[in-house]
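Enquirer: coords please:
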Amino acid sequence: MNVITFAINLVLLLLINSIVCSSSSVGTGDSQETAICDLISATNIKLSLTGWSCQQGEPSSNICDGTWTGITCSDSTVTQLVLNSLSLQGTIPSSMGYLSGLVVLDFKDNSLHGSIPSALGALSSLTYLRLSSNRFHGSLPSELGALSNLQQIILYQNIFTGKIPESFSHLTSLVLLGLGQSCFSGSLPSSLKNLKNLEMLVLLDNNFEGSLPEGLFQLPNLVFISLDYNKFSGTIPNAMYNHQSLSFLSLASNYLSGSISTSIGRASGLISLALDGNQLEGTIPSTIGKLVSLTALTVAENHLTGQLPDALSLMTSLTKLDLASNLFSGSLSAKLCSLPLKTLYVTENDFTCYASCLYNVHSTDFRSSLAVCSSATQSGNLTDSYYNDGEQEPGESIIC
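Expert: Predicted structure coming up:
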């Protein structure tokens, strides 16, 4: 019996020690309090927020008592951590992954550096991640692809490198993917076509290259795409011309080639279209006149040729037209005067003259370089072309 009693007591002692150690771990090892204290240690946050204080690894007061600026809680669980424009310096500690109830993480406009810890992939409740305007570098951890509830990821103006992780194709709740003004490179993963809820894609001013994935322009909810100032090549995907909900598209300053398809008229939702700074050839198709909601069209610095189509006069919302540095010919006729143009740039082409009514456009670049057309040519020399795209239309429709 003594042996049995000894064994039982030993087991009980081990269990008690296990419980004590486990409780200690919850309190100081992997708790949200640990994450906050580690953030204090890893940054200079105490210089901006004097109420933030920890002693011996423990917060000096309850972090959910309302006195910790930037922290929002629900039922004693940290749900929001918003620390914008505080001149923070330092890094994000990996223990941030302990904030399992976090919904919003926003460190915009600071001077934080280092890489993004892979532990952020454990924040399963996160819907909003904004780390823009900092000095983060390195590649994005693939673990971020596990954030199935993430709706917005905004990482503008950092020094990130590498490719977009393939795991991002699992972010099926994503509405906004903002990776602009950084140093990302490589081609866009074709798996981005899985982001069926994506509405805004902002990748401008990086080093992305390769062709534009057809599937990207088949995402049904996309309204805003900014891919300018990269190294994309190839032709404009046909799917773009069939996208009717797309409002803003900028493909400027890339290496795109080919022509503007006659199917352009099908992209009826476009409000702004920027194709300048590429290697496009051919003419502007007359079907562009169907884009009656378009307010800005910029095709400068390409190799476009021919006369301007009459259909331009049908674009009754157009306020900005930039045709500069191409090979256009003919005259700028009075038909353009029916448009609400405020900006008209046409220099470095082969235009012969401009209609006198265009002199009233607020911002122009041709008054000193082109002559006014004679009365005989004031209304002519926009090409007479059919308003047809091949189908019968059913009535009106950062330094790296």
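
Enquirer: Going by C-alpha atoms from here, please, whenever you check contacts or count neighbours.
Expert: Noted.

Enquirer: what about the residue nearest to Ala122 when sequence neighbours are not counted, how many neighbours?
Expert: In this structure, Ala122 finds its nearest non-sequential neighbour in Gly97, 5.5 Å apart by Cα to Cα, 6 or more residues apart in numbering. For Gly97, the neighbour count with other Cα atoms under 10 Å is 21.

Enquirer: so is Gly97 in a helix, a strand, or just coil?
Expert: helix (DSSP: H, G, I helix; E, B strand; the rest coil).

Enquirer: Confirm for me that it is in contact with Ala119.
Expert: Yes: with contacts counted by Cα atoms under 8 Å, Gly97 reaches Ala119, the gap being 4.9 Å.

Enquirer: Strands of the stretch 251-400 of the chain, start to end?
Expert: With strands called from DSSP state E, counting those that start in this stretch, the stretch 251-400 of the chain shows them at 255-256, 272-274, 281-282, 296-298, 303-306, 320-322, 327-332, 343-345, 350-354, 363-364, 371-372.

Enquirer: on contacts alone, who are the packing partners of the first one?
Expert: Translated: strand 255-256. Applying 3 or more Cα pairs under 8 Å, 6 or more residues apart in numbering; DSSP states H and E, we find strand 255-256 packed against strand 231-234.

Enquirer: which residues sit against the strand it packs on?
Expert: Strand 231-234 is contacted from outside by 207-212, 253-258, using Cα atoms under 8 Å, 6 or more residues apart in numbering.

Enquirer: Please repeat the previous calculation with a cut-off of 6 Å.
Expert: For strand 231-234, the external contacting residues (Cα atoms under 6 Å, 6 or more residues apart in numbering) are 208-211, 254-257.

Enquirer: and which of those is nearest to Thr43?
Expert: For the contacts of strand 231-234, the closest approach to Thr43 (Cα to Cα) belongs to Phe208, at 32.1 Å.

Enquirer: pretty sure the closest one is in contact with Ser185, am I right?
Expert: Yes: taking Cα atoms under 6 Å as the definition, Phe208 is a contact partner of Ser185 at 4.3 Å.

Enquirer: what about those two, which has more around it?
Expert: Neighbours were tallied for Phe208 and for Ser185 using other Cα under 10 Å; the higher tally belongs to Phe208 (26 against 18).

Enquirer: Can you measure across stretch 119-136, start residue to end residue?
Expert: Terminal residues of stretch 119-136 lie 16 Å apart, using Cα to Cα, to the nearest Å.

Enquirer: Hmm, I typed the wrong one, I wanted stretch 286-302.
Expert: Using Cα to Cα, the end-to-end distance of stretch 286-302 comes to 18 Å.

Enquirer: what kind of secondary structure is Thr34 in?
Expert: Per three-state DSSP, the local secondary structure of Thr34 is helix.

Enquirer: gap between Tyr128 and Lys193?
Expert: Distance, Tyr128 to Lys193, using Cα to Cα: 21 Å.

Enquirer: ok, now which ones touch the residue nearest to Ala122?
Expert: For Gly97, the contacting residues are 119-120, 122-123, by Cα under 6 Å, 6+ apart.

Enquirer: go on, Asp205?
Expert: Going by Cα under 6 Å, 6+ apart, the list of residues near Asp205 reads 180-181, 229-230.

Enquirer: so which of those comes closest to Leu222?
Expert: The closest of the contacts of Asp205, once distances to Leu222 are taken by Cα to Cα, is Gly180, at 16.8 Å.

Enquirer: hey, where'd the helices end up in the protein?
Expert: 2-28, 32-42, 45-48, 238-241 (DSSP state H).

Enquirer: buried stuff in the second one?
Expert: Which is helix 32-42. In terms of neighbour count (16 or more other Cα atoms under 10 Å), helix 32-42 has its buried residues at 32-41.

Enquirer: Does anything pack onto that helix? Which helices or strands?
Expert: Of the remaining helices and strands, none touches helix 32-42 by 3 or more Cα pairs under 6 Å, 6 or more residues apart in numbering; DSSP states H and E.

Enquirer: Tell me how far that helix lies from the chain's centre.
Expert: Put simply, helix 32-42 sits 31 Å off its chain's centre (Cα atoms, centre = their mean, to the nearest Å).

Enquirer: got it, and the third one?
Expert: Its chain's C-alpha centre lies 31 Å from the corresponding centre of helix 45-48 when counted by Cα atoms, centre = their mean.

Enquirer: contact partners of it?
Expert: Identification of contacts with helix 45-48 by Cα under 6 Å, 6+ apart yields 52, 88.

Enquirer: The chain should start at 835 in everything you say after this.
Expert: New numbering, starting at 835: the last item is helix 879-882.

Enquirer: Need the mean per-residue confidence for that helix.
Expert: The average pLDDT within helix 879-882 is 93.

Enquirer: Could you count how many residues lie near the closest residue to Ser1007 other than its chain neighbours?
Expert: Residue nearest to Ser1007 in three dimensions, not counting chain neighbours: Gln985, with 5.3 Å by Cα to Cα, 6+ apart. Neighbourhood size, Gln985 [other Cα under 10 Å]: 19.

Enquirer: pretty sure Gln985 contacts Ser959?
Expert: No: using Cα under 6 Å as the test, Gln985 is too far from Ser959 to be in contact (10.7 Å).

Enquirer: Chain neighbours aside, what residue packs nearest to Asn1028?
Expert: Closest to Asn1028 by Cα to Cα, 6+ apart is Ser1003, at 5.8 Å.

Enquirer: can you tell me which residues contact that neighbour?
Expert: By Cα under 6 Å, 6+ apart, the residues touching Ser1003 are 1025-1026, 1028.
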